[in-house]
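Trainee: what follows is a predicted protein model with its sequence.
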Amino acid sequence: MISCKMFRRISVVFTIGLVTYFPVQLSAQPATSSQPEGEIVELSPFEVSAKKDVGYAALTSIGATRTNTPLIDLPQSVNIINQEFLNDAAPGELYDVLRYVSGVSIESNVGDSVMIRGYTVRSQYTDGLIDTQTQSQMGAEPFHFQRLEVLKGPSAIVYGSHAIGGVLNRVRKAPQWEASGEIGLRIGTNNQLKGELDATGPLGDALAYRLVGTYRDEDLVNGVGIDHAFAKRWTIMPMLTWRVSDKVQLKIVGEFLNEENFKHWGDNFMLRDEDGNFVEGGETTFENPSWGTLSRSFTVSDEDSQAENTKRLLFGAVEVEVTQDWSIRAVAQGNRWSHDVVDILPTGIQLDNQTMPRLWRNITNEDFNFTTAIDSTTDFELGTSEHTLLVIGQYFDFDNHTTRTDDRNRPNLDVFNPVYGYKGPQDPYVRSNQKNQGTSWSMSGHDHMRFFEGQFHVVLGARYDSYESQGFNHLTGVVVPGDVNSGSTWTYKGGLIYKFSEDISAYYNYSETFSPIFTLQPDGSSLKPQEGVINEIGLKMAMNDGRYSMTVSVYDLQLQNIVTMDPDPDRASEGWRIQVAKQTTKGVDLDLITMITPQWDLMFGASKLDIELPGTDRLPRNTPEETAYMWTRYSFGEGAVNGLTIGGGVNWQGESAGEAGNLYFFDSYYSIDLFAQYTYKQFNIALNVTNATDEWYMARGINRNIQYAGPERNVRLTVRYLF
């Protein structure tokens, strides 16, 4: 539950902001009084504009430095999925488009959880602040965002504790000062139905709004129409921007979400051999037709297995242009996430390769986190050098309460003749009632220095993090305090950029990361922080005003104390984790975006990883060592087909381990997506087909008992009215 203390913190922050900046409006002239009629003031360096994009190519990033910075001036590999690509691909989930980024693969069955360069990325960010929807199988709503920014490698100066593989920063749509919008209706296979609303515009001279909302109802889970599958969700996101004066801007965002869905725990599992053992390279139900491959719609879960989630988020930001060269932004965000799931997990298969024991459990989570931060960016000259100084201070407070009950005396499932309908135990066993609380604060800064008229760049930065967390496990009324998990550290970043021209640059990146693990073991004990470092060199191009963009990077990542699930499925289902001493990843990424002609766009990318776990030849699960993709579109501009755009892409994932013990590997696979859309006056009609060839492949796994097939062929027809 949200404590009174948390509410007081939010109230104080917003009250101070309003009291401080509202009086400015009383004495100031209206925001538009000093500008010619119709001119739009570019007030904020903390926002990006889609007007600067060229087709699928975005030329700037807001996530890497929290300021609108050209990609070619960043000593880091950054991939951006912009509004153009989101509109064409019409994703049901974020991974539908994230797989068109080199080095990215899906991690598990949890919504937005992905692998970047071989490392799990579960902590998600929106507009630079942490925004994780714990255990949401549906993930964040793609329609909320104007772009997705994949920052590869550590970004500790800005984000602090996060996965070494990279950061996914999602940029919300924002109020605009020109009226526009759209209303859309989508229908598709598996009873897909979705409504979309996006409206924005001014409310007077100094106030702009945006309202984004969706409703979704379908018989799918992660793109698969298995037995009992369903997903329902509604979201609404109101936003206001107030130009208090020519120098001050206030932005407020609310996000409200309710969702229900079938909790899917796999449609495939490993088989025992003739001796009753699980062996390396062992068979599964998916690839053993002589044994009797199960139906494509088979699920190991039960019809009453479902999750319910709610989200209530409030975000506020005050931006001040102190001088022409100095801007400050103060932000605060409170986020309450409630999760309630009844699920039935497989715990193995008996010797007959037919009878499956299962675990019934009920988990409720009440998560609340509060973040406040101050960002300051200053441009100045020192001698013959130019500088951009970024300083960030941040405070984070979280409160999590988790209750779990389970039953191990449930009836087994005959996988050939499944009988569903188990309603749960009459007297469930309370296994844990745990509360985690913690705080962290940080100060960081970096100086982006430019020499020789911008030909040579040097970036130096440092960050200090301090954290403390503690858990309490309440079992049968007895309070058992957990370990106090606390510490502090410095992390550092250094980067070099040499610009051969305004369009071509080479870079070197050294960066560290430090990630405290706030999640506790079931017995209340804590885990060691993850510590990592990257060395990376790369080449970037943004030629012909961005019509030809490319990034190629070679890197060496090292991470200590990696957290992964316990290899024993029973212990993993109870929440136990283990830590791997060290993992080293060397690799190369290539991403190319080009506008071949004004009507023809092409994207291409590929990645190669070489992963080493000392003392073992195992690979991390769900991490293909090779990936590749291609996406293209062609827009017709003349004659009867004027307004028609066609295109699509192919995504290829190499072989990957299906579980941590590497007993089973998933074969390489490819998936083809197609789309066509036609715009006539204010109407747009779009047809999207996911997995057009209906390939049946295994995409990801958790352990030998839980493995998932990729999305089946899904057809979606969307009609939009643009205004």
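Mentor: Arrived safely, thanks for sending.
Trainee: show me where the protein has its helices.
Mentor: Taking DSSP state H as the criterion, the chain contains helices spanning 4-27, 83-89, 95-98, 156-159, 569-573.
Trainee: the ones you listed: lowest mean pLDDT?
Mentor: Out of these, the stretch the model trusts least by mean pLDDT is helix 4-27, with a mean of 36.
Trainee: and I116, how far from G165?
Mentor: Using C-beta to C-beta, to the nearest Å, one obtains 4 Å as the distance from I116 to G165. C-beta: built from backbone N, CA, C; applies to glycine.
Trainee: overlap in contacts, these two.
Mentor: Overlap of the contact sets of I116 and G165 (by C-beta atoms under 8 Å, 6 or more residues apart in numbering) consists of K152.
Trainee: tell me the strands beside the top strand by length along the chain, with direction?
Mentor: The residue-count maximum for a strand in the chain (DSSP state E) belongs to strand 358-382. Strands that pair with strand 358-382, judged by DSSP bridges, come out as strand 326-346 (antiparallel), strand 385-407 (antiparallel).
Trainee: show me what counts as buried in the longest one.
Mentor: What it means is strand 385-407. Counting neighbours by 16 or more other C-beta atoms under 10 Å, one finds that the buried residues in strand 385-407 are 386, 388, 390, 392, 394, 396-407.
Trainee: over to stretch 671-688?
Mentor: When burial is assessed from 16+ other C-beta under 10 Å, stretch 671-688 yields the following buried residues: 671-679, 684, 686-688.
Trainee: hey, C-alpha coordinates of that stretch in CSV?
Mentor: What follows is stretch 671-688 as a C-alpha-only set of coordinates in CSV (Å, rounded to 0.1, in the frame of the first residue of the first chain):
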residue,chain,number,x,y,z
SER,A,671,10.1,-14.4,-39.1
ILE,A,672,8.7,-12.2,-41.9
ASP,A,673,6.4,-9.2,-41.2
LEU,A,674,4.5,-7.4,-43.9
PHE,A,675,2.4,-4.2,-44.1
ALA,A,676,0.5,-2.1,-46.5
GLN,A,677,-1.3,1.2,-45.8
TYR,A,678,-3.3,3.7,-47.9
THR,A,679,-4.0,7.3,-47.0
TYR,A,680,-6.8,9.2,-48.6
LYS,A,681,-7.5,12.7,-47.3
GLN,A,682,-8.1,12.2,-43.6
PHE,A,683,-8.4,8.5,-43.6
ASN,A,684,-5.7,5.9,-43.2
ILE,A,685,-6.2,2.1,-43.7
ALA,A,686,-3.4,-0.3,-42.7
LEU,A,687,-2.9,-4.0,-43.0
ASN,A,688,-0.2,-5.7,-40.9
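Trainee: rounded mean pLDDT for that stretch, please.
Mentor: Summarised as a single mean, pLDDT over stretch 671-688 is 96.
Trainee: chain center to that stretch, what's the gap?
Mentor: Using C-alpha atoms, centre = their mean, to the nearest Å, we find the averaged C-alpha position of stretch 671-688 to lie 26 Å away from the chain's own average C-alpha position.
Trainee: which outside residues touch it?
Mentor: With C-beta under 8 Å, 6+ apart, stretch 671-688 has contacts from 88-90, 96, 182, 633, 643-651, 689-693, 695, 697, 710-711, 715-723.
Trainee: buried ones among the residues you listed?
Mentor: The neighbour-count test (16+ other C-beta under 10 Å) applied to those identifies 88-90, 96, 182, 633, 643-651, 689-692, 697, 710-711, 716, 718, 720 as buried.
Trainee: strands - which of these land there?
Mentor: Secondary structure assignment by DSSP E places 182, 633, 644-651, 689-690, 716, 718, 720 of these in strands.
Trainee: closest one of those residues to N190?
Mentor: When these are compared for distance to N190, the smallest value, 10.1 Å, is given by R716; criterion: C-beta to C-beta.
Trainee: give the closest residue to that closest one in space, chain neighbours not counted.
Mentor: Here the nearest residue to R716 in space, its sequence neighbours aside, is G188; by C-beta to C-beta, 6 or more residues apart in numbering that works out to 3.8 Å.
Trainee: show me the beta-bridge partners of the one you found.
Mentor: Per DSSP bridges, the residues bridged to G188 are Q192, R716.
Trainee: number of nearby residues for it?
Mentor: Using other C-beta atoms under 10 Å, the number of residues around G188 comes to 20.
Trainee: that one touches T690, doesn't it?
Mentor: No - using C-beta atoms under 8 Å as the test, G188 is too far from T690 to be in contact (9.4 Å).
Trainee: list residues touching both of those two?
Mentor: In the contact map built from C-beta under 8 Å, 6+ apart, the residues linked to both G188 and T690 are 714, 716.
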